[in-house]
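[1] sequence isn't available, so here's the structure alone:
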């Protein structure tokens, strides 16, 4: 029992030594952290003192420069005044810096009292300058002689002096804390070194005792080492192979998840674009909604549409939407000239195909967009051509914050988006042409001197009659609309139906009829008849 206690005594001492070193280390770490904090506060105090000195200098410049201007009348004397008041690092900047630097409540309160005093002083000097410009030397001199400016300057100096005095007190306190922390660090280092030397000596004793006991065990261990190394080597190779397979699988899964996410965003964009096409007919509103959908549903950082003029080769941005829309660096783009002639927009407009760049931050052809790219954090971009009647008239330009966002799968969806927008424009163009054609026909119908009637071929009722027809037949338009053509034409109903059928089929378009008028008279008329589309229906057009 006693022998075992004697044998374990060095181990107990070793544990105690380790515990003491650990405690000293923690003590030293805490002291070091306190020293760092003290140094940081010291640095903040020195910076605050510097800012206060600079602020006083600027306020002094703001006072002395106008006085020189008042005396000499030369506006060059006002340059220090304008630098102090209007420059980026003038008085306002120093006050904002002090607000951010000062953490002491007493100093914050003093700073709050200093700001209105400085404002009063600057307002006074501004009034001095204005009086010198308007009333001359005597007017400004009288204001300066009022002693208001000197009192305001004394208040400024007084407040700054109080703040500097307070900072000096804080500087002394923090210096004392730093010195105390340094003394604690030196003590802990000295004590730790002593314990370390003791630990080394104790370790030497224990090692020397254990060498003999372990020497015999080493021979047995050497016999086992070779077998163990073989097993470890085999196991390591299997583990490395498993890790490589696992990493490859994780990377593939991450890649697939990213692709799915990207495709989902584009499918959502395509779906919303199609919904937009169904509900919007006006081009500008259509373009605005498409750009908004691309940003909000497709999660693109920026989307804009530029209209393309083939004759001038100019692209004019019409709609811009996204977080960096104010950073679009160009109002016009000439795709035939540098630096745009080799960019994705020029290639897309000239080829009529989707063109993309996987990383525009490193792509030489997009470096002229550098400011916008950096501002928006963009990495990939694509340009989608938009057609109208098979002619490229615009491009939809998308910017993504993910590098390598665009691949063949995404390009196919972008092409589908471009085709859908082009189809919508074709439909709008056709509808607009039809509307204009109907408008021209209406103008011709109303103003023509020939007799013109629009007739429902199924019922025979007169749907429209121009002023010439109303005058010829003697009925008003409302009265004519209540009359069937069978009541005017003297042919029997069967013959009239045959004539209508011949007009519908195009077999015959010219007829000789006898028409009855409102006064009962009958007149011979030569009628040119054909079918026309009106209000979505095929009707008969009679011209006599």
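    Done, it's in. Just so you know, these numbers come straight off a predicted model, no measurement behind them.
[2] quick check: residue 303 is in a strand.
    Yes: the assignment for residue 303 by DSSP: H, G, I helix; E, B strand; the rest coil puts it in a strand.
[3] that one and residue 328 touch, don't they?
    No: applying Cβ atoms under 8 Å, one finds residue 303 not in contact with residue 328, separated by 11.1 Å. Heads up, the C-betas are built off the backbone N, CA and C, glycines and all.
[4] list residues touching both of those two?
    residue 320 (Cβ atoms under 8 Å, 6 or more residues apart in numbering).
[5] quick one: which of the two has more around it?
    residue 303 (24 against 17; other Cβ atoms under 10 Å).
[6] per-residue pLDDT, that one?
    Residue 303 carries a pLDDT score of 86 in this model.
[7] roughly how far apart are it and residue 336?
    25 Å (Cβ to Cβ, to the nearest Å).
[8] ok, and what's touching stretch 101-108?
    44, 47-48, 51, 99, 111, 163, 166-167, 170.
[9] following the longest helix along the chain, which helix or strand shows up next?
    Assignment by DSSP state H gives helix 148-279 as the longest helix of the chain. Going down the chain from helix 148-279, the next helix or strand is helix 283-296, by DSSP states H and E.
[10] just want the angle from that following helix to helix 148-279.
    100 degrees (axes from the mean of the first three to the mean of the last three Cα atoms, to 10 degrees).
[11] average pLDDT across helix 283-296?
    Average pLDDT, helix 283-296: 82.
[12] quick one, domains of this structure?
    9-211, 280-432, 448-543 (automatic domain parsing).
[13] among the ones you listed, which is the most enclosed?
    Most buried of the domains of the chain by mean neighbour count (mean count of other Cβ atoms under 10 Å) is domain 280-432; its value is a mean of 18.
[14] other SSEs contacting the longest helix of the chain?
    helix 2-72, helix 105-144, helix 283-296, helix 408-447 (3 or more Cβ pairs under 8 Å, 6 or more residues apart in numbering; DSSP states H and E).
[15] now the two most distant members of the contacts of stretch 101-108.
    Within the contacts of stretch 101-108, 99 and 170 form the most distant pair, 16.7 Å apart (Cβ to Cβ).
[16] related to what we said a few turns ago, and the helices and strands packed on helix 148-279 as TSV, adding distance to residue 175?
    Shown next, in TSV, are the helices and strands packed on helix 148-279 (distance: least, Cβ to Cβ, whole Å):
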stretch	distance to residue 175
helix 2-72	7
helix 105-144	17
helix 283-296	55
helix 408-447	62
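[17] out of these, nearest to residue 196?
    Comparing the helices and strands packed on helix 148-279 under Cβ to Cβ, the one sitting nearest is helix 2-72, at 6.8 Å.
[18] ok, residues contacting stretch 92-100?
    Under Cβ under 8 Å, 6+ apart, the answer for stretch 92-100 is 48, 51-52, 54-55, 58, 87, 108, 111, 114-115, 118.
[19] let me have those in a markdown table, adding pLDDT and distance to residue 383 as columns.
    What follows is the contacts of stretch 92-100, written out as a markdown table (pLDDT from 0 to 100; distance: Cβ to Cβ, whole Å):
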| residue | pLDDT | distance to residue 383 |
| --- | --- | --- |
| 48 | 84 | 53 |
| 51 | 83 | 50 |
| 52 | 84 | 55 |
| 54 | 83 | 51 |
| 55 | 81 | 52 |
| 58 | 84 | 51 |
| 87 | 81 | 43 |
| 108 | 86 | 54 |
| 111 | 83 | 53 |
| 114 | 84 | 56 |
| 115 | 86 | 52 |
| 118 | 85 | 54 |
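[20] and the two most separated of those residues?
    87 and 108, at 25.2 Å, using Cβ to Cβ across the contacts of stretch 92-100.
[21] before we move on, back to that, compare the helices and strands packed on helix 148-279 and say which comes out lowest on pLDDT.
    The bottom spot among those, by mean pLDDT, belongs to helix 408-447, with a mean of 68.
[22] next secondary structure after it?
    As assigned by DSSP H and E, the chain's next helix or strand after helix 408-447 is strand 452-455.
[23] that next one packs against which elements?
    strand 462-465, helix 467-473, strand 537-543.
[24] could I get the ones you listed as a markdown table with distance to residue 230 and mean pLDDT?
    Shown next, in a markdown table, are those (distance: least, Cβ to Cβ, whole Å; pLDDT from 0 to 100):
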| stretch | distance to residue 230 | mean pLDDT |
| --- | --- | --- |
| strand 462-465 | 102 | 88 |
| helix 467-473 | 111 | 88 |
| strand 537-543 | 93 | 75 |
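[25] relative to residue 199, which of the ones you listed is closest?
    strand 537-543 (106.2 Å).
[26] dump the domains of the chain into TSV; add distance to residue 219 as well.
    Output for these, formatted as TSV (distance: least, Cβ to Cβ, whole Å):
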stretch	distance to residue 219
domain 9-211	14
domain 280-432	60
domain 448-543	106
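[27] to residue 240, which of these lies closest?
    Of those, nearest to residue 240 by Cβ to Cβ is domain 280-432, at 28.6 Å.
[28] how far away from the center of its chain is that closest one?
    In terms of Cα atoms, centre = their mean, to the nearest Å, the centre of domain 280-432 is found 15 Å from the chain centre.
[29] one more: stretch 122-139?
    Relative to its chain's centre, stretch 122-139 lies at 47 Å (Cα atoms, centre = their mean).
[30] can you tell me what sits against that stretch?
    With Cβ under 8 Å, 6+ apart, stretch 122-139 has contacts from 59, 62-63, 66-67, 69-71, 73, 78, 81, 85, 91, 140, 143-144, 148-149, 152.
[31] ditto for stretch 301-311
    Stretch 301-311 is contacted from outside by 287, 290-292, 294-295, 314-325, 328, 333, 335, 345, 349, 372, 376-378, 386, 391-401, using Cβ under 8 Å, 6+ apart.
[32] from these, which land in strands?
    Among the contacts of stretch 301-311, DSSP state E puts 314-322, 333, 386, 391-400 in strands.
[33] partner strands of the top strand by length along the chain, with direction?
    Secondary structure of the chain per DSSP E: the longest strand is strand 522-534. Here strand 522-534 has these sheet partners by DSSP bridges: strand 510-516 (antiparallel), strand 537-543 (antiparallel).
[34] who touches the last one?
    Same thing as strand 537-543. Residues from elsewhere that reach strand 537-543 (Cβ under 8 Å, 6+ apart): 450-457, 463, 485, 500, 503-504, 527-533.
[35] same check on stretch 489-502?
    457, 460, 485-486, 507-508, 511, 513-516, 522, 529, 540.
[36] between the helices and strands packed on strand 452-455, which gets nearest to residue 16?
    Of all the helices and strands packed on strand 452-455, strand 537-543 sits nearest to residue 16, with 106.9 Å by Cβ to Cβ.
[37] tell me if residue 331 really is in a helix.
    No: the assignment for residue 331 by three-state DSSP gives coil, which leaves it out of any helix.
[38] residues contacting it?
    Here residue 331 is in contact with 316-317 (Cβ under 8 Å, 6+ apart).
[39] quick one, phi/psi of residue 517?
    phi -110, psi 180 (degrees, to the nearest 10).
[40] pLDDT value on it, please?
    Residue 517 is assigned a pLDDT of 93 by the prediction.
[41] isn't it up against residue 470?
    No: counting by Cβ under 8 Å, residue 517 sits too far from residue 470 to count as a contact (11.1 Å).
[42] hang on, isn't residue 486 packed against residue 461?
    No: using Cβ under 8 Å, residue 486 is not in contact with residue 461, being 9.7 Å away.
[43] list the contacts of residue 523.
    Counting by Cβ under 8 Å, 6+ apart, residue 523 touches 472, 514-515, 517.
[44] pull the most distant pair out of these.
    472 and 514 (13.6 Å).
[45] quick revisit: including distance to residue 495, could the contacts of stretch 92-100 go into a markdown table?
    Formatted as a markdown table, those follow (distance: Cβ to Cβ, whole Å):
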| residue | distance to residue 495 |
| --- | --- |
| 48 | 109 |
| 51 | 106 |
| 52 | 110 |
| 54 | 107 |
| 55 | 106 |
| 58 | 105 |
| 87 | 98 |
| 108 | 105 |
| 111 | 105 |
| 114 | 107 |
| 115 | 101 |
| 118 | 104 |
